[in-house]
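J.: Build me a model:
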Amino acid sequence: MKKVAFLIPYFGEFPPWMDYFLASCRANATIDFFLFTDNSRPDRLPRNVHYRQISYNAYLDKVSERLMIDFHPGNPYKLCDLKPALGYIHQDSIADYDFWGFCDIDLIFGQLRHFLTDRLLSRYDLITTHERRIAGHFTIIRNKQRYNRAFKDVRDWSEYLAAEEHKAFDEKAFSRLFVGFKNFPGVLRRPLKWLFLPHGRRALFREAFSTPGLRCDWVDGSRNFPSEWYWQRAKLTNNRSDDEFLYFHFLKWKRDWNGRMCSDVEAEDRHCCWKVTEEGFKAIHSLAR
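T.: Have a look, this model is predicted:
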């Protein structure tokens, strides 16, 4: 089984759904998560979540030294621009892994190994969950120097990263190393990509339909999105499909919660079974559907 690790720098108070995110990490015991944060160590931290406490300023100093740029943004949201460089920054943490990845924490994972099979990981060097761009909320990359330093192949990469404001470097500039000729017919796009985008030759861009309610339509092409998502020991489904999903990114609902997210799931039950709605996280006893 190929070893996979996600690198997650997060500074500032953890969000109120953090326990659910960690429960979905725990249920994927064969995948590791490295959490770099200034928060206190979470209670009942899963064994596969490796906690690295570090102050925000110390982390910025580490990044600046590793990338040889001045990286000291005032807003931690700027760290999203670092995602393509995380494998390079944290080479010491991922030395024993075949793949490293970046993700957001406003999501819950399904059964990752049902999707990230060894066959898939043997075939591709980069796997992401949008069809036409890198997904900042879920991407994995083969742990090879060529890919760990691929962000440096972006023209003016250091200016993107050193800028104070967030540039969406991961989903825009970095994407262009892998995806191009979007408006060309497929019969032309594939050979042009092979010739002019060598990084993209072994890259899989496949829509996972895991961020519903935004730009991408639902699986059936409609705008009729699920109103409930069900999580049972990492099996992730919803009330619009019995198919399993890789993860659920509740970005749209999160924006509506404004600190009023409901959560009536007992702490000891968060590793068993619950659902997510536009109101928050709710207990369920079974999925007899």
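
J.: hey, let's count contacts and neighbours off CA atoms from now on
T.: Will do.

J.: so what's Y230 up against?
T.: 236-239, 273-276, 287 (Cα atoms under 8 Å, 6 or more residues apart in numbering).

J.: Recalculate using a threshold of 10 Å.
T.: 110, 236-239, 242, 244, 248, 273-277, 281-284, 286-287 (Cα atoms under 10 Å, 6 or more residues apart in numbering).

J.: Name only those of the residues you listed that count as buried.
T.: 110, 236-238, 244, 248, 273-277, 281-284 (16 or more other Cα atoms under 10 Å).

J.: between the residues you listed, which is closest to D61?
T.: Closest approach between the buried ones among the contacts of Y230 and D61, by Cα to Cα: F248, at 33.1 Å.

J.: quick one: what helix or strand has the closest one in it?
T.: strand 247-249 (DSSP states H and E).

J.: That strand: partners in the sheet, and parallel or antiparallel?
T.: If you go by DSSP bridges, strand 247-249 pairs up with strand 107-109 (antiparallel).

J.: Buried ones in the helix or strand where R255 lies, by neighbour count?
T.: R255 belongs to helix 251-257 when elements are defined using DSSP H and E. Of the residues in helix 251-257, 251, 253-254 count as buried by neighbour count, 16+ other Cα under 10 Å.

J.: quick one: the next helix-or-strand element following that helix to chain centroid distance?
T.: Under the assignment DSSP H and E, the closest C-terminal helix or strand after helix 251-257 is strand 262-263. Relative to its chain's centre, strand 262-263 lies at 23 Å (Cα atoms, centre = their mean, to the nearest Å).

J.: what lines up beside strand 262-263 in the sheet?
T.: For strand 262-263, pairing defined by DSSP bridges yields strand 280-283 (parallel).

J.: Let me see the mean pLDDT of the strand it pairs with.
T.: Averaging pLDDT along strand 280-283 yields 92.

J.: what does that strand contact?
T.: With contact meaning Cα under 10 Å, 6+ apart, strand 280-283 is reached by 16-17, 20, 228-230, 250, 253-254, 257, 260-266, 269-270, 272-276.

J.: Surely D256 and E278 touch.
T.: Yes: if you go by Cα atoms under 10 Å, D256 and E278 touch, sitting 7.9 Å apart.
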